[in-house]
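> model the structure of this input:
(one chain, ligands or ions: 1)
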Amino acid sequence: MESPSWWLLFFLTCVGAVFAQSQPAADLIIRNARVWTVDPLLVEAEAVAILGDRIVAVGSSVEVDAWRGKATRVVDGEGKRLLPGFNDAHVHFTDGGAQLDNVELNDAASPQEFARRIAQRAAKTAKDEWLLGGDWDETKWNPPHLPTKELIDPLTPRTPVAVNIHDGHMILANSLALRLAGITAQTPDPAGGVIVRDAQGNPTGALKDAAADLVYKVIPAPTHEQRRHSIERALEHAASLGVTSVQHMNPDYADIAIYNELLEEGKLTTRIYAAPLIPQVDDQVKIGIRHGFGGPYLRIGALKSFADGSLGSATAYFFEPFSNQPDNRGLLSDEMHPISMMRDRMMKGDAAGLQLCTHAIGDAAISTILDIYTEIEKAHGPADRRWRIEHAQHMAAKDFDRFAQLRVMASVQPYHAIDDGRWAEGRIGHDRASRTYAFRTFLDHGVRLALGTDWNVAPLNPMLTLYAAVTRATLDGKNPGGWFPDQKLTVKEAIEAYTMGSAYAEFQEKEKGSITAGKLADMVLLSDDVLTIDPVKIRDVRVLKTWVGGKLTYDAEGARQ
Ligand SMILES: [Zn+2]
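Next up is the predicted model:
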């Protein structure tokens, strides 16, 4: 009679054999790389194995070789730095893609150059077609002053022009555009907007925040083909920069439809989380969608709101007036007129399980939103909500603790700090500037950061964001040691916030954000080791290869998988 232990041994041997036979080979192995995983359980590694769209092993090159089979593609990392793909927590993806084809005004260093470029573009623009984009920055002119329509009217008699300031919170319209929008000296300023006027009360062409909408609403919507073209340009650009996920703030529904179309065709090469505007809250509530609804390439379930304007346009909403404009403390957005309308919409969205992502820049705007978040928590009870404040630029000292208590995330864009840092102190004074882009103070208070760019407002390139977060060296070269250097992040902190932080901000930290077995294989191989080089050189680091779900979406050598 056989002993039970013999049967057990036989059984285990069979299981072992079945297991050994069923372990499949990896589709891809990246070996001989310097892997920074952003996973505290295994911080550094040499190699990664990928099967399908997932990582199946991380470790030494020898360990990971156990996954090698006949058909496994092997990439030699040549000792280069491999990171999880970057997840940009705040972009305007379609606008960014469109901008790649638009007139470029950001580096126009004088009003004459600004006008010259507009004239050049207008000459190539079909009659009645709008001339848009630009991202002008009058602070680069000497002396700096807002452009007026007179500068461009003689050059653009047949082309309606609505070119935007770099932060998007102001446009310059020419006379034809003002006429099409019906804006005259008699037009009152809309709630949440300013029509800039000359001494006689005539519009100068500069339109701030909600006043720009008067023009935007008469611009014909892009056709399906134009929109798709912009998104395809954006996807290509993201892949070339190692950006494997983006969180699209205030998309049009038509953008989401095109994402879906590209997904079906297998052409969506960047993962998208889309947050439509809160005035449309009823749509998502009606269908019963909750935060993070969708699949690995496309999710919705968030609501983007605007509490105020921007610092650059002097429309960020502060407790005290701007230091250089004693009568102006900024503007609440039109969505906040009245504030109870915003509260009601947020209550409705939260009750339905939607995530709130709220643009708030001035200290009073941030405080007001934290008040509303507090009221919601009181009304609906505690939950894992991951509320966000987008930008969270100028903090009141008292609000860091409230941020932490409510577990609100700061969705921040470090590049703005080195851009605005050139002139911010002149507008808000030293004390408020000391709590501006206060990334270190957020971390010290236990507030979680998600990093992004606000592309098309700032460049999508993550190397510029890392450089900005780590050096805080303003673009004018005047603060080489850092503007408010106490607020610098380390490279590791910045990478963590740009990968795991952003993944957490979209409820996807179990799926992505680190190079961990089981997670989606989204990775980027860099030309230089951002963790060891002089931080000043980070801005020059290039992407060698980008993988999304194990598929090569960019290769600097031009080869596509
Ligand atoms: Zn934005």
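
> which pLDDT value belongs to G168?
Model confidence at G168, given as pLDDT, is 84.

> with R560 instead?
On the pLDDT scale, R560 gets 43.

> which residue packs closest to K492, ignoring adjacent ones?
L531 (7.0 Å; C-beta to C-beta, 6 or more residues apart in numbering). Every C-beta, even on glycine, is put in place using the N, C-alpha and C of the backbone.

> just want the phi and psi numbers for that neighbour.
Phi and psi for L531, reported as degrees, to the nearest 10, are phi -80, psi -20.

> my read is that it contacts W36, right?
Yes: between L531 and W36 there is a contact under C-beta atoms under 8 Å: 6.2 Å.

> which one's more surrounded, those two?
W36 (24 against 16; other C-beta atoms under 10 Å).

> how about G201, what does it touch?
For G201, the contact set (C-beta atoms under 8 Å, 6 or more residues apart in numbering) comprises A185.

> so what sits against both of L531 and W36?
Between them, L531 and W36 share these contacting residues under C-beta under 8 Å, 6+ apart: R81, K492.

> list the buried residues in stretch 28-44.
Neighbour-count burial for stretch 28-44, with 16 or more other C-beta atoms under 10 Å as criterion, is recorded at L28, I29, I30, R31, A33, R34, V35, W36, T37, V38, D39.

> what of stretch 427-444?
So for stretch 427-444, counting by 16+ other C-beta under 10 Å, buried means 427-428, 432-443.

> among those, which one sits closest to P157?
Distance to P157, by C-beta to C-beta, is smallest for R427 among the buried residues of stretch 427-444, at 35.9 Å.

> was I right about that closest one contacting F322?
Yes: using C-beta under 8 Å, R427 is in contact with F322, at 5.3 Å.

> overlap in contacts, these two.
Here R427 and F322 have A314 as joint contacts, going by C-beta under 8 Å, 6+ apart.

> I'd guessed V218 sits against L178; true?
No: applying C-beta under 8 Å as the test, V218 and L178 come out as separate, 10.3 Å apart.

> what about the strands in the stretch 251-400 of the chain?
With strands called from DSSP state E, counting those that start in this stretch, the stretch 251-400 of the chain shows them at 271-275, 293-295, 298-300, 302-306, 355-360, 388-391.

> among those, which is nearest Y317?
Nearest of the strands of the stretch 251-400 of the chain (C-beta to C-beta): strand 355-360, 8.1 Å.

> list the beta-bridge partners for the residue nearest to A275 when sequence neighbours are not counted.
In space, and not counting its chain neighbours, A275 is closest to A302: 3.7 Å by C-beta to C-beta, 6+ apart. Per DSSP bridges, the residues bridged to A302 are Q355.

> nearest spatial neighbour of D363, skipping sequence neighbours?
Nearest to D363 is A396, by C-beta to C-beta, 6+ apart, at 4.2 Å.

> what comes up buried for stretch 355-362?
Q355, L356, C357, T358, H359, A360, I361, G362.

> so where's the stretch 301-450 of the chain shaky on pLDDT?
Along the stretch 301-450 of the chain, the model assigns pLDDT under 70 to no residue.

> can you give me the helices in it?
For the stretch 301-450 of the chain, helices defined by DSSP state H, counting those that start in this stretch occupy the ranges 339-351, 363-380, 399-405, 414-420, 424-433, 439-444.

> and the longest one, how far out from the chain middle?
When C-alpha coordinates are averaged (C-alpha atoms, centre = their mean, to the nearest Å), helix 363-380 and its chain have centres 23 Å apart.

> which of the helices of the stretch 301-450 of the chain sits most buried?
Comparing the helices of the stretch 301-450 of the chain by mean neighbour count (mean count of other C-beta atoms under 10 Å), helix 414-420 ranks first with a mean of 26.

> which residues are contacting it?
166-167, 311-312, 391, 393, 436-437, 439, 451, 453-454, 457-459, 464-469, 471-475, 483, 487, 489, 494.

> how about 7 Å then?
With contact meaning C-beta atoms under 7 Å, 6 or more residues apart in numbering, helix 414-420 is reached by 311-312, 437, 439, 451, 453-454, 458-459, 464-465, 468-469, 472-475, 483.

> ditto for stretch 445-459
With contact meaning C-beta under 7 Å, 6+ apart, stretch 445-459 is reached by 88-92, 95-96, 99, 166-168, 247, 400-401, 403-404, 409-416, 419, 439, 442-443, 460, 465, 494, 497-498, 501-502, 504-505.

> redo the strands of the stretch 251-400 of the chain as CSV? Include distance to L520.
Formatted as CSV, these follow (distance: least, C-beta to C-beta, whole Å):
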stretch, distance to L520
strand 271-275, 8
strand 293-295, 11
strand 298-300, 13
strand 302-306, 20
strand 355-360, 20
strand 388-391, 22
